[in-house]
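Engineer: Give me coordinates for this.
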Amino acid sequence: MKPLFSTRLTVAFALMASLALAQGGLAAWIATRAEHQVIRGRVAGDLQSGFWELSATKQRLRAWSLRALMGAPHAPGDGEMLRLRMADTIVRLQDLSARAEQMDRAMGIRSDESAQRDDALKLLSQSVVALREPIAEINRRGPAQDALTAWAAIESVFDKGAGRDLREMLNGRIRTEAEILKRTRETADVYLERVKLLCWSAAGTLSLTGVILAIYFIRALRKPLAAMSNGAKAFEQGWLDHRMPEDGFGEFSRLGSSINHMAEELSARREQEAELRADLEVQVALRTQELEAALGELRQVEARRRQLLGDISHELRTPMTAIRGEAEVALRGSKSIDDYREALQRITQASRQMGALIEDLLMMARSDAEMLQLNLTEVDPRHVLEEAVATLSPVAHVRGLELKVDADAAPVRVEADGQRLQQVMALLLDNAIRYSHPGGPVDVSAGPDPEAPDVWRLEITDKGIGITDTDMARVFERGFRSSAARAHRADGTGLGLPIAKTLTERQGGALTLESHAGQGVRAVLTLPIVTATHAEGDA
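Structural biologist: Predicted structure coming up:
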C-alpha cells in the first residue's frame, strides 16, 4: 500500500504541537515557580523592613524615655504613640510571617524559621504591652530624682524578656530575614534564568524542526506538483492522450489515476460529440424541412383564421333576422300598444343577444373562451327558455317551421347566468331551425329529469339533416362544419356549438347531442337544480 502524504503531514504537525505544548507547559511551571519566589522575596523584604521599622521605633521610644527622665523637652503623648506604632508593626509582621509560612509550605519548604520568627514576635509583643505602665508612670511623675535608677528599670523592660536579650534577638531577626531575602532572590533569579533558557531552547527547537519539516515536505511535493502542472498545461492545450504519473504518495497516486480516467472519459466524449455533431447536422436539415412545412401549414391556418373572421358576420344573421322579423310583424296591420311594446322588447332582447354574440365570437376567434365572465345567480330556467323561444320564433316563422314547446309548469331554480343561459338556448334553437327542412317540426321539452329529480333537463329535437357518427366526434371543435352542413347552409362558422358547450359547462351543466344522419338531432341540456318552489305565482 502506497504511503499517504496526509498521514505524514499529520504526524509532523502533531510532533510540532506536542513539542510546543511540552515546552510551553514546562516554561509555565518554571515561570510559576519563579513568580512564587519573587513574591516570597517581596514578603521577606517586607519582613526585614518591618523589623527595621520596629527597631527604629524602639530606639525613638528609648530616646523619648531618656529625655522625659532627665527633664529635657519632650511631648508627653509621644511615648504612648510610639508604643502603639510598635504594636501595629508587630501585628503586620505576624501577618507577613503567616503568609511566608504558607508560601513555604506551598513550595514544599520545611524549616523552623517561621517558628523562631513567631516566638520573637510574641516576646516583642509582650515587651510592648509591658511598656504601657512604665510610660504612663514617666508621664505622671515627670523627671526622676534618681534618673539612673529609673533608666535601669526602663532598660529591663526594653531589652529583657523571658530571660532573653530582646535587642540581640531583634538584630538577629533582621540578619536572618536579610539572609532569607537574599536566598529567595537567588532562587528567583535561578528560575528566571531557567525560563529564559527554556524559551530560547524551545524557539530554537521549534524553528529547527519547522525548517527540517519544511525542507522535507517541499522536496516531497516538488515532483508531484510539477507533474500536475505539466498535466494541466497539456490538457489545457487539448492533449487528452497525456497521462499523469500514478506513483508516489497515495493521495497523488489516486489524483493522477482520477485525472487519467477523466482524460479518457473526455476523449471518449469528444468522439461521441463529433458523432453527435454529425447527427445533429442531419437532424437540423430534417427539422428545417419540417419547419418549412409547418410554416406552410401556419400560413394555411392564418388564411383559415382570416376566413373565420370573415364568416363571423354570417353568424350575426340569426339575431338580425329575428329583429327584422319582429319589425315586419309589428308593421303589418294595426296592433295595440302592448303588442308594439312586446315586439320592441323582443327586438331589444335580440339586439342584446347579438351584442353578446359578437363579443363571444371575437373571444372564441382569439381562443380565449375561458375568459368569458359569468354572473351566476339563481334563476328560473323556464323564463329564460320563454325569452329564447320568443326571440327565435320569428326566425322559425320566416323559414316555415313549426316550433312546439312543452315546458313543465313546476317552478325550479338553477344557478346560472341568465343572459348566458339564454344565449345557449338560442344557439341550440338556431341550430335546430337552421338545419331543419322547410315545414318540419322543432320540438322543445323542458322540466325536471324523470331519472334524476335534482336535474333540470331541456331537449330540443328536430327532423333535419342530422349528423353522421364520424362528424359527431368533432361537432364541438371550433370552426368545424360537416360537408352536409355546408351543403345545406353555406353560411356559418362552426362556433355555435363550441360556445354553447363552453358556457354550459362553466355554469355547472352538461350539453350532449344525439343524431343519425338524415334523421335529425336531439340536443340535451342539463343543469343541477338548486331550489324548487311550488308557488302558484311562478307558474
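Engineer: Quick check: residue 231 touching residue 237?
Structural biologist: No - under the criterion of CB atoms under 8 Å, residue 231 makes no contact with residue 237, lying 10.9 Å away. Heads up, the C-betas are built off the backbone N, CA and C, glycines and all.
Engineer: For the two, indicate the residue with more neighbours.
Structural biologist: residue 231 (20 against 9; other CB atoms under 10 Å).
Engineer: Which helix or strand contains that one?
Structural biologist: Secondary structure from DSSP states H and E places residue 231 in helix 166-236.
Engineer: which residues in the protein form strands?
Structural biologist: Ranges of strands within the chain are 160-161, 164-165, 377-379, 402-407, 413-416, 441-449, 452-462, 510-515, 521-531, based on DSSP state E.
Engineer: which other helices and strands contact the helix holding residue 231?
Structural biologist: The contact analysis (3 or more CB pairs under 8 Å, 6 or more residues apart in numbering; DSSP states H and E) places helix 166-236 against helix 5-70, helix 113-130, helix 147-159, helix 250-315.
Engineer: how much space between residue 350 and residue 395?
Structural biologist: Separation of residue 350 from residue 395 (CB to CB, to the nearest Å): 10 Å.
Engineer: so what sits against both of those two?
Structural biologist: Counting by CB atoms under 8 Å, 6 or more residues apart in numbering, the residues touching both residue 350 and residue 395 are residue 322.
Engineer: pull the helix or strand with minimum mean pLDDT from the protein.
Structural biologist: strand 160-161 (a mean of 56; mean pLDDT, DSSP states H and E).
Engineer: Select from the strands of the chain the stretch with the lowest mean pLDDT.
Structural biologist: Here the lowest mean pLDDT among the strands of the chain goes to strand 160-161, at a mean of 56.
Engineer: doesn't residue 447 make contact with residue 407?
Structural biologist: Yes - with contacts counted by CB under 8 Å, residue 407 reaches residue 447, the gap being 6.5 Å.
Engineer: tell me, how many neighbours does residue 499 end up with?
Structural biologist: Other residues close to residue 499 by other CB under 10 Å number 23.
Engineer: just checking, it touches residue 426?
Structural biologist: No - in this structure, residue 499 is not within contact of residue 426 by CB under 8 Å, at 10.7 Å.
Engineer: intersection of neighbour lists for the two?
Structural biologist: By CB under 8 Å, 6+ apart, no residue touches both residue 499 and residue 426.
Engineer: picking that back up, wait, which of the helices and strands packed on helix 166-236 is closest to residue 483?
Structural biologist: helix 250-315 (16.2 Å; CB to CB).
Engineer: ok, residue 426 to residue 345 distance?
Structural biologist: 15 Å.
Engineer: Looking at the two, which is more packed in?
Structural biologist: residue 426 (28 against 13).
Engineer: what's the spacing between the more buried one and residue 351?
Structural biologist: Distance from residue 426 to residue 351, by CB to CB: 13 Å.
Engineer: can you check residue 243 too?
Structural biologist: 88 Å.
Engineer: Tell me the pLDDT of residue 397.
Structural biologist: Residue 397 is given a pLDDT of 85.
Engineer: Neighbours of the residue nearest to it when sequence neighbours are not counted, how many?
Structural biologist: Excluding the flanking residues, the one nearest residue 397 by CB to CB, 6 or more residues apart in numbering is residue 325, at 6.7 Å. Look at residue 325: counted by other CB under 10 Å, it has 23 neighbours.
Engineer: Likewise for residue 110?
Structural biologist: Neighbour tally, residue 110, other CB under 10 Å: 8.
Engineer: Cool, thanks, signing off.
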